[in-house]
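Participant: model this:
(one chain, ligands or ions: 1)
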Amino acid sequence: MKYKRVLLKVSGGALSGERDFGFEKDSLDRITDEIIKASNSGIEVAVLVGGGNIFRGKTADDWNIERAEADNIGMMATIINSLILRGALVSKGAHDLRVMTPIPMNTVAEPYIRLRAVHHLDKGKIIILGGGIGQPFVTTDYASLQRAIEIRADVVLMAKQGTDGVYTDNPNTNPEAKRYKTLTYDEAISKNLKVVDGSAFILAKDYKMPMYIFDFNKKDSITDICSGKNIGTFVGNDCEIEMY
Ligand code: UDP
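Facilitator: Here you go, the predicted model:
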């Protein structure tokens, strides 16, 4: 297996599927099936959950509230998403899992303690990381990289809904846009490719954390990537830039 320990970033949008807000049962089903399949095949899975299906801090001005407060609301949204994911995973028999959060919430989730998270993964438990890094002014893209480095993940899997990788331009508006097979962090940063936050790219580059951006609607995507197939865009430090 090419990658044994993965950090899977599941955005809020993946949970809401076709809807603009909330949850869609089919999407939840698909996501939980993939997570269980990966875990059962021996992959150590840490899931970091977004909150965009409920609230994003960048809408602070629309609501006339301070950004830091809006970010708190966004972080709470990620915890709601973590709990629905836990509920759905448990209902499918995945009892060996933990929700962890850096925001104290002891009656519903464990505190995030780095070495405890590592221990759970060593024991084969799935961990769901809610609440991002517990601090405002960043998003869960950044939190994914931060936690991946902390828990010594081999790779970050940025699961996207309906986007099968990184393109040179927006493929919905530019028919000439080409999809990268492999990409370097330098190229992603210098071209300002907006697939994940710039701060997440910079952290990944500094700590040499490889990343895949891929379409989560594709079946077996986690197990395929972990067994060495490139089904999306691979981003790394020292690779040749290749297009599809
Ligand atoms: N957030 C934060 N700190 C973190 C992670 C998230 O303040 O460490 C807030 C931020 O407002 C963000 C929101 O939580 O917009 C929801 O996360 P995100 O937008 O990354 O969700 P996604 O787009 O992945 O669904």
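Participant: Confirm that Ile127 sits in a strand.
Facilitator: Yes: residue state for Ile127 (DSSP: H, G, I helix; E, B strand; the rest coil) corresponds to a strand.
Participant: And it, what's its pLDDT?
Facilitator: As predicted, Ile127 sits at a pLDDT of 98.
Participant: Looking at strand pairing, list the partners for it.
Facilitator: Assessed by DSSP bridges, Ile127 has beta-bridge partners Ala46, Arg98.
Participant: Would you agree it is in contact with His119?
Facilitator: No: proximity of Ile127 to His119 does not meet the contact threshold set by CB atoms under 8 Å, at 9.9 Å. Glycine gets a C-beta too; all of them are placed from N, C-alpha and C.
Participant: More neighbours: these two, which one.
Facilitator: Taking neighbours as other CB atoms under 10 Å, Ile127 and His119 compare with Ile127 leading, 25 against 12.
Participant: who's in contact with that one?
Facilitator: By CB atoms under 8 Å, 6 or more residues apart in numbering, the residues touching Ile127 are 45-47, 97-100, 117, 120-121.
Participant: what would those residues look like in a markdown table with neighbour count, pLDDT and distance to Lys208?
Facilitator: Formatted as a markdown table, those follow (neighbours: other CB atoms under 10 Å; pLDDT from 0 to 100; distance: CB to CB, whole Å):
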| residue | neighbour count | pLDDT | distance to Lys208 |
| --- | --- | --- | --- |
| Val45 | 26 | 98 | 21 |
| Ala46 | 27 | 98 | 18 |
| Val47 | 28 | 98 | 22 |
| Leu97 | 19 | 97 | 29 |
| Arg98 | 18 | 98 | 28 |
| Val99 | 23 | 98 | 29 |
| Met100 | 22 | 98 | 25 |
| Ala117 | 20 | 98 | 21 |
| His120 | 20 | 98 | 24 |
| Leu121 | 22 | 98 | 20 |
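Participant: Same list, those, but as JSON lines with distance to the ligand please.
Facilitator: Formatted as JSON lines, those follow (distance: CB to the nearest ligand atom, whole Å):
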{"residue": "Val45", "distance to the ligand": "17"}
{"residue": "Ala46", "distance to the ligand": "15"}
{"residue": "Val47", "distance to the ligand": "12"}
{"residue": "Leu97", "distance to the ligand": "20"}
{"residue": "Arg98", "distance to the ligand": "19"}
{"residue": "Val99", "distance to the ligand": "15"}
{"residue": "Met100", "distance to the ligand": "13"}
{"residue": "Ala117", "distance to the ligand": "15"}
{"residue": "His120", "distance to the ligand": "20"}
{"residue": "Leu121", "distance to the ligand": "20"}
